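Novice: only geometry, no sequence info:
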């Protein structure tokens, strides 16, 4: 609600407070996957508010990247605990997607490209396991798009066109299957 009201400072403060509380709980229960996942989500909210491009934010990309680093680290740990856990793999794919989306001036785009490609691989495996799940297909279309845009910016036009084409094709498939649904 605060975000919708445009109170960015309060949204950031609430996200930081939530992350702090969840850090305490997680530290008391380090082997509890559920609590670690809640901490990952809290860190993601902080990262979004600090500098994730789709969110109106103050633009502190460096701090945002730090929080998404934490998300990726937690997600990798949870996946290591149970590699078959679809939610954990989904969280890792989304954490990589968001981590790669933070642009830092003058920084080599290759790590972002690698993150997006890893995200694509995870999401493609989740889609293969459950082809009808929009939950996996929506971020996959976005991962293809980000990969394509990054390749374009790196001067790799043919590869970029291929990735962007995959994004459009997947998006078209979802729109055809769910006409009028603007929520994906």
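Specialist: Yep, it's here. Given the structure is predicted, the values throughout are model-derived calculations rather than measurements.
Novice: so where do the helices sit in this protein?
Specialist: Listed in chain order, the helices of the chain (DSSP state H) span 2-5, 8-28, 33-51, 61-81, 86-100, 110-129, 134-153, 157-177.
Novice: so how far is the last one from its chain's centroid?
Specialist: Yep, that's helix 157-177 we're talking about. Centroid separation for helix 157-177 versus its chain: 19 Å, with CA atoms, centre = their mean, to the nearest Å.
Novice: the fifth one too?
Specialist: When C-alpha coordinates are averaged (CA atoms, centre = their mean), helix 86-100 and its chain have centres 5 Å apart.
Novice: what's in contact with stretch 73-91?
Specialist: Residues from elsewhere that reach stretch 73-91, judged by CB atoms under 8 Å, 6 or more residues apart in numbering: 33, 36-37, 39-40, 43, 71, 92, 95, 122-123, 125-126, 129-130, 135-136. From N, CA and C alone the C-beta is placed, and that goes for glycine too.
Novice: avg pLDDT for it?
Specialist: Average pLDDT, stretch 73-91: 96.
Novice: buried residues of that stretch, list them for me.
Specialist: 74-75, 78-79, 88-91 (16 or more other CB atoms under 10 Å).
Novice: show the end-to-end separation of it, please.
Specialist: Terminal residues of stretch 73-91 lie 11 Å apart, using CA to CA, to the nearest Å.
Novice: ok, back up a step: buried ones among the contacts of stretch 73-91?
Specialist: When burial is judged by neighbour count using 16+ other CB under 10 Å, the buried members of the contacts of stretch 73-91 are 33, 36-37, 39-40, 43, 71, 92, 95, 122-123, 126, 135-136.
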